[in-house]
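Student: sequence unavailable; structure follows:
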């Protein structure tokens, strides 16, 4: 009996280690592929020596080509890092929304958070806003605030419709708000002049031509949102079984729900602010990770972050190489890949239930 128990524990540890090792390897492959892919031929050696040369103690300056160093350090490295953080943010936010609302269709877009963040960002771009004391942080702060305010309004309206806040009511309310906010964005586009191209390009989603400033902007928001959700993994596990069950387990449902929604809005708003609207990452990636690992948010959150980051890097590689020297918006690539994959996941799940 004891030996059987030990074997069971060992088997679980091995499987957990294998899943994390596989995700880390996938992220590493995506990272190196993202830096090497493009018109300039960059080898693994060039990449390694250039990145190491950043550190003053490395002593590799003479072995680094200045042109390659500029391409790697100023163009491709920040682009890849931005894709990693944006993909991770959207995937983790999607996992949180799905766990909290117990619905596989819940994500930052269906609940209106992304549309709200987009309206805030579009308003900043259209009016050229720069709030005192914020400077370049105006865009992410306004975007995050607008996303969170949208979620509060969605929940308030859903409560007016049905006091029990049924999941279906929340999702339908989110779709209503998303449609309305989409019309507001269309209004900005119709009224814009010189800003039109910038608005359209931003709305289609991209991590290109952003630079280190955008990486520095998203990192603190990602860290705060990720840690908040990771701290609340037990509450997310409890919410999967319903709010009533969570309440019986001693969880302050109202307070924890607001905390989780705030953290997910933080991630969504920051991602939208630096990259525009990129769909299907928060919808598909959590499903993929659940199939791979399960619904335990203690592991679902970090694994979704790694898988989401790797997915968006690969999508970005496709977007900038498929019609080179031109470039497709990354949101187009994620939709083309994500929609059929999500459809296949739903079909396989329904067949499993029927079987």
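Tutor: Everything's here; your move. Just so you know, these numbers come straight off a predicted model, no measurement behind them.
Student: which element follows the host helix or strand of residue 96 toward the C-terminus?
Tutor: Using DSSP states H and E, residue 96 sits in helix 77-101. For helix 77-101, the following helix or strand on the C-terminal side (DSSP H and E) is helix 113-127.
Student: and residue 217, what's its pLDDT?
Tutor: In this prediction, residue 217 carries a pLDDT score of 87.
Student: how about the one 4 residues further on?
Tutor: The predicted local distance difference test score for residue 221 is 90.
Student: that one: how many residues sit nearby?
Tutor: 24 (other C-beta atoms under 10 Å). C-betas here are computed from N, CA, C, even on glycine.
Student: my guess is it meets residue 267, correct?
Tutor: Yes. The pair residue 221 / residue 267 is scored as a contact, 7.1 Å apart, by C-beta atoms under 8 Å.
Student: now do the contacts for the spatially most central residue of the chain.
Tutor: The residue lying closest to the centre of the chain (C-alpha atoms, centre = their mean) is residue 90, at 1.6 Å. By C-beta atoms under 8 Å, 6 or more residues apart in numbering, the contact list for residue 90 reads 108, 267, 268, 271, 278, 281, 282, 285, 308, 312.
Student: now residue 91, nearest residue through space, not along the chain?
Tutor: residue 308 (2.6 Å; C-beta to C-beta, 6 or more residues apart in numbering).
Student: and the one you found, how far is that from residue 248?
Tutor: 33 Å (C-beta to C-beta, to the nearest Å).
Student: out of those two, which sits in the busier spot?
Tutor: Between residue 308 and residue 248, counting by other C-beta under 10 Å, residue 308 is the more crowded of the two (32 against 11).
Student: in contact with residue 323, which residues?
Tutor: Applying C-beta under 8 Å, 6+ apart, we find residue 323 in contact with no residue.
Student: which residues of the stretch 101-250 of the chain score low on pLDDT?
Tutor: Low-confidence segments of the stretch 101-250 of the chain (pLDDT under 70): 164-165, 167, 195.
Student: ranges for the helices of it?
Tutor: For the stretch 101-250 of the chain, the helices defined by DSSP state H, counting those that start in this stretch occupy 113-127, 138-161, 167-191, 196-204, 212-231, 233-239, 243-248.
Student: between the first one and helix 77-101, what angle do the directions make?
Tutor: Pointing back at helix 113-127 there. Orientation note: helix 113-127 sits at an angle of 140 degrees relative to helix 77-101 (axes from the mean of the first three to the mean of the last three C-alpha atoms, to 10 degrees).
Student: helix 113-127: which residues count as buried?
Tutor: In terms of neighbour count (16 or more other C-beta atoms under 10 Å), helix 113-127 has its buried residues at 113-126.
Student: quick one, it and helix 138-161 angle?
Tutor: Using the same axes, to 10 degrees, helix 113-127 lies at 140 degrees relative to helix 138-161.
Student: quick one, helix 113-127 and helix 196-204 angle?
Tutor: Going by the same axes, to 10 degrees, helix 113-127 makes 160 degrees with helix 196-204.
Student: quick one: contacts of helix 113-127?
Tutor: Residues from elsewhere that reach helix 113-127, judged by C-beta under 8 Å, 6+ apart: 93, 97, 108-109, 129, 138-139, 142-151, 177-178, 181-182, 184-185, 188, 191-192, 195, 198-199, 202-203, 264-265, 268-269, 272-273, 276-277.
Student: can you pull the buried residues of stretch 257-269?
Tutor: Quick answer for stretch 257-269 (16+ other C-beta under 10 Å): 257, 259, 260, 261, 262, 263, 264, 265, 266, 267, 268, 269.
Student: right, and the pair among those residues with maximum separation?
Tutor: For these, with distances taken as C-beta to C-beta, the pair at the greatest spread is 257 and 269 (18.0 Å).
Student: looking at the buried residues of stretch 257-269, which are in helices?
Tutor: 257, 259, 260, 261, 262, 263, 264, 265, 266, 267, 268, 269 (DSSP state H).
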